[in-house]
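Participant: Kindly generate the corresponding structure for this input.
(chains A and B)
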Amino acid sequence: DAKTTQPNSMESNEEEPVHLPCNHSTISGTDYIHWYRQLPSQGPEYVIHGLTSNVNNRMASLAIAEDRKSSTLILHRATLRDAAVYYCILRTYGGSQGNLIFGKGTKLSVKP
Amino acid sequence: ETGVTQTPRHLVMGMTNKKSLKCEQHLGHNAMYWYKQSAKKPLELMFVYSLEERVENNSVPSRFSPECPNSSHLFLHLHTLQPEDSALYLCASSQAGQNNYGYTFGSGTRLTVV
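Facilitator: Here you go, the predicted model:
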């Protein structure tokens, strides 16, 4: 299984940008990079995903390195509601490899 | 509301009880999943249903019994549980076989076994 490595925790100040890193040096050509987050006492929620090109949506931006061995989730202006555990997950096409397998993620704290 | 509804939100049961957790989605998805999240541990994938067939069972004890009567509903039947089974049980749905598609999770059932 392709694995990801994330820092255990990060801190940010409210209204400042946050860059959450993820390393995935064993990524294969067909692996999509997915990001989810889990707010306290809730189920995980989808944030963004990408394959090769950078991606933007209303929640965040995903910057993918040219060699695809790392990626960064960017929250442009952190709010207190963004305090959550953020998971970077590789999904391979097909079979059990396509299942969403969670690691420990990065716990993001946002200070007012 | 995420589109995936789980009931009940909280459940307390004795070790000799039998109870069921329910999950319902009306997103048109054809794959459904049960996850377990114990305190301070990553989410663990328990069961995978694709097109109403169980395609994965990750070494889950037989005291947990899933059921998927149709693509919109998923149950987890519980019997003779142990205190260490206390956890947050999460249901999710997705489109089977597509790694460029997201999962939608419910809010979970907080289970306490006494």
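Participant: nearest spatial neighbour of the residue in chain B sticking out farthest from the centre, skipping sequence neighbours?
Facilitator: Relative to the C-alpha centroid of chain B, counting by Cα atoms, centre = their mean, B:Asn100 is the outermost residue, at 22.1 Å. Distance criterion Cβ to Cβ, 6 or more residues apart in numbering or on different chains; nearest residue to B:Asn100, sequence neighbours excluded, is A:Tyr32 at 5.2 Å. Heads up, the C-betas are built off the backbone N, CA and C, glycines and all.
Participant: burial count for the one you found?
Facilitator: When neighbours are counted by other Cβ atoms under 10 Å in any protein chain shown, A:Tyr32 registers 20.
Participant: cool, and A:Thr26?
Facilitator: Residue crowding around A:Thr26 was assessed by other Cβ under 10 Å; the count is 12.
Participant: got it, and the one 5 residues further on?
Facilitator: By other Cβ under 10 Å, the residues close to A:Asp31 number 20.
Participant: Go ahead and confirm it touches A:Thr92.
Facilitator: Yes: the pair A:Asp31 and A:Thr92 qualifies as a contact (Cβ atoms under 8 Å) at a distance of 5.3 Å.
Participant: hmm, back to that, for the residue farthest from the centre of chain B, give me its contacts.
Facilitator: By Cβ atoms under 8 Å, 6 or more residues apart in numbering or on different chains, the contact set of B:Asn100 is A:32, A:49, A:51, A:91.
Participant: so who does the second one touch?
Facilitator: Under the criterion of Cβ under 8 Å, 6+ apart, the contact partners of A:His49 comprise A:32-35, A:55, A:62, A:91, B:100, B:102.
Participant: Pop out the phi and psi values for it.
Facilitator: Backbone torsions for A:His49, taken as degrees, to the nearest 10, come to phi -150, psi 160.
Participant: Who is it paired with across the strands?
Facilitator: According to DSSP bridges, A:His34 are recorded as the beta-bridge partners of A:His49.
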